[in-house]
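Asks: For reference, the sequence and a predicted model appear below.
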Amino acid sequence: MDIRTIILALGFGNLVFGMVLIVLQESQERSERNPFWIAAKCLQGTGWLLLAARGTVIDLLSYGLGNFCILAGFAYECWAIFRIANRPVSPAMQITCLLYVLAGIVLSTPLEQSERLATISLQASPLLGIAAWKMLQSVSRTSPLQTYMAWSIGLFALVACFRGVSALIATEEFVLFSPNTIQFVTFTIIFYIMLANGFSMLVLSKEKSDRRLQEVLAEQKAIFDTLPTGICITKDRVIVSCNPAMEALFMFPPDSLPGQSARCLYENDVLFEQAGRAIYGDIAAGGRFEGEILHRRSNGERFWSKQHGRTIVLGDRSEDYTVFSVTDIGEQKQQQELLARQKEEVEATLARIKRLEGLLSICMYCKKIRTEHDAWEQMEKYITAHSDAHFSHGICPDCYSRTLLGRG
């Protein structure tokens with residue numbers, strides 16, 4: 001394998017890793033993406049391919065643009081590591097690095113080929129060294145994979161420096177495609193580091209996504225476990241999962257409801273079937289259920305609940321699940337029943353009072369009252385029947401004098 005073939009492999013390899021990173025980061029949240037990685041790999045891949053085309057394209061593209069893309073790719077890789085280490089990358093820093101790269105390309109263009117090679121190699125060493133140093137600085141917060149990447153990039157910096165010094169002190173021709181031992185060793189190490197760090201980037205990107213997913217799941221579980229409302233997920237009316245509030249509501253021991261049939265939440269089979277028809281009928285028709293259901297706790301106590309339910313799909317599973325929120329409305333139900341009874345009593349009282357209003361037909365002699373059915377009733381009987389009044393009999397002083405004393 002000659003040097004040109006190795007350089008071509010470096011170009012295509014970096015571009016492939018760049019494309020894969022694009023696909024991986026598309027599935028991540030925007031705030032979790034690291035676009036510097038993608039830019040670094042794409043720039044390095046383009047630069048290596050332009051260098052491999054030396055002799056077939058003009059020197060301005062091969063040397064000037066090719067080396068600029070490679071060095072700019074190293075700068076972007078450094079910024080990507082800054083971002084992993086939670087260090088800011090300011091626009092001023094980016095502009096300064098790119099000007100540093102451009103200045104090196106412009107100043108080295110008039111030089112001999114070996115001197116240009118030495119200049120570019122030595123110019124790459126600080127960029128790679130800073131990236132390795134910053135990643136090692138954050139080693140207490142990183143994974144072993146990041147530590148390995150830091151040492152690999154540090155090795156890359158040493159190799160680039162060694163190549164640059166070797167080009168300066170070489171007594172024989174030392175140009176891009178020179179088939180000497182230093183060139184073969186250097187490009188073999190660079191190719192190995194490209195592969196190792198490329199795969200490490202992919203694993204690191206997946207590791208970061210998995211870590212973020214675990215954090216989100218932990219947050220959701222914390223919310224799920226601390227909600228005061230009972231929440232449960234069922235499949236075919238079997239409880240798959242529920243929160244502690246659900247178990248406390250039905251007075252079941254912790255972690256005892258999952259796996260049980262929802263029948264344990266009802267007093268008998270009839271209520272269980274009636275509730276099922278009502279709930280799943282509404283869900284089938286409108287996609288959701290909202291209503292009041294009569295339940296039974298594990299100690300046999302009956303209570304009314306307010307339920308909201310809807311069908312969900314968990315992940316990539318083909319089966320449908322149903323999630324319910326359950327709230328105890330027993331006290332509310334008692335208050336509603338009490339208010340209903342009080343309302344009925346008031347309405348009944350008002351109805352009786354209303355019947356005593358208006359004109360009453362009364363006999364002028366015996367004082368009987370004519371009813372709505374044209375019957376005549378004693379006044380006392382009529383008023384007692386149509387109000388809360390009751391009569392007791394006595395004798396007034398005038399009647400006493402007129403009747404009893406008058407007889408004596």
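Replies: Nice, thanks for sending it over. Numbers count the residues shown, from 1 in each chain.
Asks: Run through the stretch 151-300 of the chain and note the low-pLDDT ranges.
Replies: For the stretch 151-300 of the chain, the stretches with pLDDT under 70 are 205, 208-209.
Asks: Residue 295: what secondary structure?
Replies: strand (DSSP: H, G, I helix; E, B strand; the rest coil).
Asks: Please apply the same query to the one 10 residues further on.
Replies: Classification of residue 305 using three-state DSSP returns strand.
Asks: Which strand residues bridge it?
Replies: residue 293, residue 328 (DSSP bridges).
Asks: Which strands or helices does the longest helix anywhere in the chain pack on?
Replies: As assigned by DSSP state H, the longest helix anywhere in the chain is helix 181-226. Applying 3 or more CB pairs under 8 Å, 6 or more residues apart in numbering; DSSP states H and E, we find helix 181-226 packed against helix 3-26, helix 35-52, helix 144-169. Any C-beta I mention is one placed from the backbone N, CA and C, and that applies to glycine too.
Asks: Give me the angle between the longest one and helix 181-226.
Replies: So that's helix 144-169. 160 degrees (axes from the mean of the first three to the mean of the last three CA atoms, to 10 degrees).
Asks: How far off centre is helix 144-169?
Replies: 41 Å (CA atoms, centre = their mean, to the nearest Å).
Asks: Can you list the buried residues in that helix?
Replies: By 16 or more other CB atoms under 10 Å, the buried positions in helix 144-169 come out as 146, 149-150, 152-157, 159-164, 166-167.
Asks: tell me the average confidence for stretch 64-82?
Replies: Mean pLDDT, computed over stretch 64-82, is 86.
Asks: ok, back up a step: counting by contacts, list what the helix or strand that the longest helix of the chain is followed by packs against.
Replies: Helices and strands here follow DSSP states H and E; after helix 181-226, the next one along the chain is strand 230-235. With contacts taken as 3+ CB pairs under 8 Å, 6+ apart, strand 230-235 sits against strand 238-242, helix 244-249, strand 321-328.
Asks: helix or strand right after the longest one?
Replies: As assigned by DSSP H and E, the chain's next helix or strand after strand 321-328 is helix 330-355.
Asks: Packing partners of that next one?
Replies: Counting by 3+ CB pairs under 8 Å, 6+ apart, helix 330-355 packs on strand 302-312.
Asks: tell me the angle the strand it packs on makes with strand 321-328.
Replies: Going by the same axes, to 10 degrees, strand 302-312 makes 150 degrees with strand 321-328.
Asks: centre of the chain versus strand 302-312, how much separation?
Replies: 24 Å.
Asks: between that strand and strand 230-235, how many degrees?
Replies: Going by the same axes, to 10 degrees, strand 302-312 makes 50 degrees with strand 230-235.
Asks: Contacts for strand 302-312 next, please.
Replies: 230, 233, 249, 267, 279, 283, 287-297, 320-330, 333 (CB atoms under 8 Å, 6 or more residues apart in numbering).
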